[in-house]
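next one to model:
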Amino acid sequence: AERLRAALLAERGEAAVALRLVPPERTVAGLHSRGVTTHLTTGRSSFAGSPDFRVHNIRVGAGRFQGLWLEPGAVLDFNRTVGRIAADRGFVPGYVITGASLTMEPGGGICQVSTTVFRAGYQAGMEVVERHQHSHHVAYYDPPGYEATVYAPAKNLRLRNDTAAPLLMQAEWNLEAGTLEVHLFGAAPDREVTVSAPQVRTTGLAPAPSFVADPALRPGEARRLDMPAAGMNTQIVRRITRRGQTKTDRTSSQYRPWGGVFAVAPGDDRLR
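Numbering: from 1, shown residues only. Okay, here's the model as predicted:
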C-alpha cells in the first residue's frame, strides 16, 4: 500500500509490490488423497425471524463444525465439539427451555446447529448413537420430529461415521435468508438413503401461556417469546440400502402441549 501511494504521489504509472504466494491449507488433491471425492448430503434448517442473540449463538456454534474431520468408525460428539458454552467462549445469553417455561442462559439457539448437524448425518445414513427431541414442538425446527436438542451434560447428539472413508463437514449460513446448512463430503456413497416426511398425530391442545419477568418492559407491556404448540407424536422412517440389503429404522418424538411464553414487567400479576 505504501509503494502504491508513493507511485501515485510521484505520478508514476507503475509500482513494484512485494508478493508472497501462500498455498491453501486444503486442496482438492489433498482431499482426494484421503478418499474424500464427493458431496454426500446437506442438512438444512431455517432460523428466519430469530432475535439477535439467537443468530449470534447459531453462528458461533456452527463455526465449531467448519472443516471438521470425522475418521471411519469415529463418533461425532456434538457437546464435545462445541465445548463449554459460556460468555468467554463467544456465546451470549438467550432463552432456553427449562421445565414449563424459559430462562436466560448462554447459548440460546444452539439447538438450531444440533438439528442441522443431525439432518446432515441422518440423510447420509450415519448411525445415530444418541439423539433427543425437545420437550415441545418448536417451529424453528420444522418439520416436527426432524430435530435434535442438546443440553450438556444431560443431552447430547452423537453420530457414528460408519463409512469406509473420512467425512469432512462444512457449515454455511445465510443471514439474509435466515438459513443454516451443514454439508458432508466423503467417498462415493456405498448406500442409498431415503427419509420419509414426518407422520404426525396430535395428542393435546395448547394450554394457557406462562409468563417471565423482563425488567426492560414497563407495567402493562407484554412481549411474546415463544409460540404455543399442540402436543403431538411424530415418526420419521429412514431406509438404508447397502449391497442389496435394506435396513429400516424409525425416529420417534413425543411432544407435550405447550402454552407459549410471554415476557412481562416485574411485579405483573401474571407472574405466579
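
how about stretch 34-48: buried residues?
V36, L40, T41, T42, G43, R44, S45, S46, F47 (16 or more other Cβ atoms under 10 Å). In short, each C-beta sits where N, CA and C put it, glycine included.

now do stretch 126-144
Those would be M126, V128, R131, H132, Q133, H134, H136, H137, V138, Y140, Y141, P144, for stretch 126-144 by 16+ other Cβ under 10 Å.

CA atoms of that stretch as CSV?
Only the C-alpha atoms of stretch 126-144 are listed here, as CSV (Å, rounded to 0.1, in the frame of the first residue of the first chain):
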residue,chain,number,x,y,z
MET,A,126,-24.9,-42.4,9.6
GLU,A,127,-25.6,-44.4,12.7
VAL,A,128,-27.5,-42.4,15.3
VAL,A,129,-25.8,-43.2,18.7
GLU,A,130,-27.7,-40.6,20.7
ARG,A,131,-30.4,-38.1,19.9
HIS,A,132,-33.1,-36.4,21.9
GLN,A,133,-36.2,-34.4,20.9
HIS,A,134,-37.3,-31.1,22.5
SER,A,135,-40.0,-31.3,25.3
HIS,A,136,-42.4,-29.5,23.0
HIS,A,137,-42.7,-28.7,19.3
VAL,A,138,-40.6,-25.6,18.3
ALA,A,139,-41.4,-24.0,14.9
TYR,A,140,-37.7,-23.2,14.3
TYR,A,141,-37.1,-26.9,13.9
ASP,A,142,-39.9,-27.8,11.5
PRO,A,143,-40.8,-30.2,10.2
PRO,A,144,-41.7,-31.6,13.6
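
next, the contact list for the spatially most central residue of the chain, please.
Taking Cα atoms, centre = their mean, the centroid of the chain lies closest to V113, which sits 1.2 Å from it. Going by Cβ atoms under 8 Å, 6 or more residues apart in numbering, V113 touches I58, G61, A62, F65, V82, A171, L180.

on that earlier part again, farthest pair within the buried residues of stretch 126-144?
Spanning the widest gap among those are M126 and H136, at 26.6 Å by Cβ to Cβ.

got a list of contacts for stretch 117-129?
40-45, 65, 75-76, 78, 131, 146-148, 157-163, 167, 169, 182-184, 186, 189, 191, 193, 195, 238, 240, 249, 251.

switch the cut-off to 6 Å
Stretch 117-129 has contacts (Cβ atoms under 6 Å, 6 or more residues apart in numbering) with 40-41, 43, 75, 148, 157-160, 162, 182, 184, 191, 193, 195, 240.

count the residues that sit near V150.
A count of nearby residues for V150, using other Cβ atoms under 10 Å, gives 25.

separation between it and E221?
Between V150 and E221 the computed distance is 33 Å (Cβ to Cβ, to the nearest Å).

list the buried residues of stretch 59-78.
For stretch 59-78, using 16+ other Cβ under 10 Å, the buried residues are R59, V60, G61, A62, R64, F65, L70, L76, F78.

mind picking the two most distant members of those residues?
Between any two of the buried residues of stretch 59-78 (Cβ to Cβ), the greatest distance is 21.6 Å, for R59 and L70.

mind listing what's buried in the helix or strand containing S252?
Using DSSP states H and E, S252 sits within strand 245-255. Under the neighbour-count criterion of 16+ other Cβ under 10 Å, strand 245-255 has T251, S253, Y255 buried.
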